[in-house]
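K.L.:
model the following, please.
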Amino acid sequence: MSLTRLFVQRPTLVTVFLCLILLAGTIAGSSLVQQQFPSTDVPSVEVTVTYPGASTTEMRDAIVRPLEDQMAGAPDLDHLETSIQPGTASVLAVFTLASDQNNDLVQIQGRVENAQHSIPNNVQTPQISLYNPSEAVVVSLILRSRALAAGDLSSLTVNKIVPALEQVPGVSFVQQNGTVTPSIQVNVDKNKLSSSGFTLTDVVNTLTNNNIRAPGGILYSPDRETNIDVRGDIQDVPTVSNLLLSSGAGTSASTTTNPFSTSARLYRIGDVANVTDTYETQRVFAYSEGVPCVELDIQKAAGTSEVVTSQAVLAQLPMLEREYPDVQFSVLTVQSTYTEEQLQGVIRTLIEAVVFTGIVMLFFLRSWRNAIVVMVAIPASLLVTLAAMKLAHFTLDTVSLLAMTLIIGILVDDSIVVLENVERHHDRGEAPTEAAVNGRGEIGVAAIVITLVDVVVFLPISFLPGSVGLFLREFGLVVTVATLTSLFVSFTVTPTLAGRWALLSHWKPWAPINYFTDRFEDARAAYTNRFLTWGLRNGRWVVAISVVSLLLAVLLIPLGVVGFEYIPPVDRGQIYVTISYPSGTPLETTRRGTLAVERYIDANVPDLKTESAVAGEYLGQLSGYISNGAVGQINLFLKTDRGHDTAYWASQIQSHAAKLVGKAGVVAVPATDMQGGNGQPIDEVVSSLDGVPEP
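P.N.:
Alright, predicted model coming up:
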């Protein structure tokens with residue numbers, strides 16, 4: 001018994017089949033990760049080294065070069081990208097697409113261990129991690145407080161708020177900008193120090209020797225063992241002030257004695273210095289609308305939904321506001337809003353395609369039942385596709401949704417062909433069920449050929465090499481799965497519904513449908529009797545016109561009429577303004593210049609929605625923020641209903657801001673990349689073996 005006859009004779013199978021795919025597709029679709037674009041991450045491993053106090057030259061020669069020499073021989077390594085700043089360096093090892101990321105990590109770990117024999121011993125242990133660009137920022141927050149000092153706000157942020165946000169499902173890391181580190185500051189009075197007979201080294205040694213926390217061994221007892229923690233760490237100002245000064249010889253007494261007593265005077269830190277509770281010198285300043293603040297950039301974990309994670313973070317804010325009433329929480333931007341808008345736009349287009357396909361079917365098939373029979377193939381195929389996407393670990397993004405939108409017309413082809421032939425057999429006098437079986441059997445080979453033609457066109461797209469192949473992998477497989485499912489539906493569901501339901505209808509088409517049918521028949525007759533006849537009589541002209549049309553279409557690209565690029569730029573309404581002073585410029589100068597540009601932007605950009613500024617660091621293109629006291633950066637987010645596009649405001653800001661900062665360079669970059677960020681359209685890399693650019 002053929003598959004079609006089995007379904008036609010047992011229509012209950014159709015109900016079971018549709019219920020199963022409805023259940024599977026709904027479950028799979030609700031659990032698919034939502035993001036703007038599919039993951040196209042290139043296998044990369046990042047090595048970060050910290051060497052406090054080292055210059056960029058020392059970092060390059062003593063640390064980076066030994067690391068690069070060792071890492072350069074790693075299997076499947078494509079290239080190395082290095083960023084060097086005073087006291088810190090980052091080396092990013094980018095591997096080929098075919099490499100195994102776990103093996104890459106093991107290789108880099110072993111080679112970094114070998115390189116440690118060639119770098120200074122007092123360098124902190126290098127941090128090695130997999131570099132994953134998909135862990136993007138989804139929400140940025142601004143924290144202010146009128147009741148708390150800068151140090152108190154920073155302590156509350158670091159110790160309470162950030163850990164709470166990192167516990168939100170889907171969050172991997174929270175980057176802080178503008179925080180300060182609490183510290184106890186000892187301001188030595190040189191006159192008092194000199195008269196006491198001690199030196200500055202004695203003060204430093206006293207503080208060092210009394211600020212100790214170390215393991216003290218194990219305390220044994222008959223019924224238990226306890227680890228001993230020897231604590232001598234400094235915790236408050238009185239503790240520091242009361243520390244006895246000790247000289248290099250280990251004595252705490254000065255060489256002078258009291259003339260009325262034979263005992264030596266004991267000097268304490270408080271006798272020669274002013275001890276205050278403050279915080280370390282701030283090296284990074286954060287502002288929003290000219291007001292000091294703390295900025296938090298919340299990153300999502302790899303493999304999680306941008307939309308779901310951002311919604312979870314925003315849902316956590318009311319609880320944080322109630323728990324910390326002295327802190328004002330402001331949302332700087334929700335990066336996933338753009339992603340959600342793109343997804344909603346594609347879904348809306350998908351729904352419109354389904355609706356218009358149904359209308360077209362109604363006018364051409366002249367039966368609302370026939371239109372529904374054909375339309376069943378669309379949701380059935382899409383639901384099966386969602387289940388297949390879940391099994392393949394694909395995401396619900398603009399590429400996969402675009403593929404579903406483009407194949408709406410393809411999904412109904414097989415069912416239309418089968419239904420038309422079933423109706424032809426029914427018009428010959430066959431019973432509805434027999435017409436369904438015979439009509440499908442007669443047209444089965446043609447339906448298979450139609451489907452396989454689409455498969456052989458779209459399936460190879462999934463196996464394209466390079467990042468293009470990674471980007472379009474979902475597109476090809478989604479189209480293939482949906483098309484093959486539509487073929488199965490046309491062999492089972494379509495003839496069953498036609499024989500058991502559609503062919504039993506006595507509905508008469510409405511007048512507009514009859515009018516459309518008459519006009520369509522007139523147009524078909526005109527084409528057959530006039531245009532087709534002329535074409536058959538003038539074959540040379542038809543060939544000449546076809547060749548000229550083909551040549552003109554191909555020449556559109558080299559002539560510049562049609563552009564050629566991987567992904568067209570997008571207007572995300574986001575601008576990065578980087579202010580770069582000459583190397584060695586004091587941080588205070590950078591701070592004042594950044595504030596001046598920020599005030600200009602707030603006053604002269606009416607399309608501005610929110611903004612934030614940092615002085616002392618900037619967002620790099622590789623791995624987060626890079627500390628540099630001579631650089632400031634302002635991040636602008638424009639309104640959705642803006643009067644000018646992002647490129648216009650970037651040009652205006654760059655030209656006017658350059659007049660406010662003197663010798664500093666100003667670069668305003670609109671975020672045109674598919675993932676946002678401050679990447680520029682053109683990157684230029686200058687390299688040489690001796691560190692000096694070649695002419």
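
K.L.:
quick check: which element contains Ser129?
P.N.:
Using DSSP states H and E, Ser129 maps to strand 127-130.

K.L.:
C-alpha coordinates for that strand, PDB please?
P.N.:
Provided in PDB are the C-alpha atoms of strand 127-130 (Å, rounded to 0.1, in the frame of the first residue of the first chain):
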ATOM      1  CA  GLN A 127      45.500  34.600  32.200                       C
ATOM      2  CA  ILE A 128      44.400  32.300  29.400                       C
ATOM      3  CA  SER A 129      40.800  32.200  28.200                       C
ATOM      4  CA  LEU A 130      38.800  31.400  25.200                       C
END
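
K.L.:
sheet-wise, list the partners of it with their directions.
P.N.:
strand 44-50 (antiparallel) (DSSP bridges).

K.L.:
once you drop chain neighbours, what's closest to His425?
P.N.:
Nearest residue to His425, sequence neighbours excluded (C-beta to C-beta, 6 or more residues apart in numbering): Ala435, at 3.9 Å. C-beta here means a position set from N, CA and C on the backbone, and glycine is covered the same way.

K.L.:
okay, the one you found: pLDDT?
P.N.:
pLDDT recorded at Ala435 is 92.

K.L.:
same check on the one 5 residues further on?
P.N.:
According to the predicted model, the pLDDT of Arg440 comes to 90.

K.L.:
hang on, it in a helix?
P.N.:
Yes - in this structure, Arg440 lies within a helix as judged by DSSP: H, G, I helix; E, B strand; the rest coil.

K.L.:
how near is Val360 to Asp454?
P.N.:
The spacing between Val360 and Asp454, counted by C-beta to C-beta, to the nearest Å, is 19 Å.

K.L.:
point out where the stretch 451-600 of the chain drops to low pLDDT.
P.N.:
Per-residue confidence for the stretch 451-600 of the chain (pLDDT under 70) gives these ranges: 566-569.

K.L.:
in it, which spans are strands?
P.N.:
Counting by DSSP state E, counting those that start in this stretch, one finds strands in the stretch 451-600 of the chain at the ranges 574-580.

K.L.:
tell me how far stretch 560-574 lies from the chain's centre.
P.N.:
Taking C-alpha atoms, centre = their mean, to the nearest Å, one finds stretch 560-574 lying 19 Å from the centre of the chain it belongs to.

K.L.:
returning to what we had before: who has more neighbours, Val360 and Asp454?
P.N.:
Counting neighbours by other C-beta atoms under 10 Å for Val360 and for Asp454 shows that Asp454 has the greater number, 21 against 14.

K.L.:
for that one, which non-adjacent residue is spatially closest?
P.N.:
Using C-beta to C-beta, 6+ apart, the closest residue to Asp454 is Thr483 (4.9 Å).

K.L.:
test my guess that that neighbour contacts Val456.
P.N.:
No - contact criterion C-beta atoms under 8 Å: Thr483 and Val456 do not qualify, at 10.6 Å.

K.L.:
looking at those two, which one has more neighbours?
P.N.:
Ranked by neighbour count (other C-beta under 10 Å), Thr483 and Val456 place Thr483 first, with 25 against 10.

K.L.:
now the helices for the stretch 51-200 of the chain?
P.N.:
56-58, 65-71, 101-115, 150-156, 162-166, 190-196, 200-210 (DSSP state H, counting those that start in this stretch).

K.L.:
which strands or helices does the lengthiest helix in the chain pack on?
P.N.:
For the chain, the helix with the greatest residue count under DSSP state H is helix 466-500. Applying 3 or more C-beta pairs under 8 Å, 6 or more residues apart in numbering; DSSP states H and E, one finds that helix 466-500 makes contact with helix 3-9, helix 12-31, helix 368-375, helix 377-391, helix 398-406, helix 408-411, helix 413-427, helix 432-458.

K.L.:
ok, and what's touching the fourth one?
P.N.:
Here helix 377-391 makes contact (C-beta atoms under 8 Å, 6 or more residues apart in numbering) with 18, 21-22, 24-29, 31-32, 354, 357, 395-396, 400, 404, 408, 411-412, 414-415, 474, 477-478, 481-483, 485-486, 489-490, 493-494.

K.L.:
check stretch 579-595 too.
P.N.:
283, 285, 287, 290, 597, 613-616, 629-634, 657, 660-667.

K.L.:
which of these fall in helices?
P.N.:
Residues of the contacts of stretch 579-595 located in helices (DSSP H): Val597, Ala657.

K.L.:
now the buried members of the contacts of stretch 579-595.
P.N.:
By neighbour count, with 16 or more other C-beta atoms under 10 Å, the contacts of stretch 579-595 hold 285, 287, 597, 613-616, 629-634, 657, 661, 664, 666-667 as buried.

K.L.:
so Leu503 sits against Glu423, correct?
P.N.:
Yes - taking contacts as C-beta under 8 Å, Leu503 lies within contact range of Glu423: 7.3 Å.

K.L.:
what residues are shared contacts of the two?
P.N.:
Residues touching both Leu503 and Glu423 (C-beta under 8 Å, 6+ apart): Ala435.

K.L.:
so which residues of the stretch 501-650 of the chain form helices?
P.N.:
With DSSP H, counting those that start in this stretch, the ranges of helices along the stretch 501-650 of the chain come out as 511-526, 532-537, 539-555, 587-604, 646-657.

K.L.:
any chance of those in TSV, plus distance to Thr12?
P.N.:
Below are these laid out as TSV (distance: least, C-beta to C-beta, whole Å):
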stretch	distance to Thr12
helix 511-526	33
helix 532-537	47
helix 539-555	52
helix 587-604	67
helix 646-657	57
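
K.L.:
one step back: now do the longest helix of the chain against helix 432-458, angle only.
P.N.:
If you take axes from the mean of the first three to the mean of the last three C-alpha atoms, to 10 degrees, helix 466-500 sits at 170 degrees to helix 432-458.
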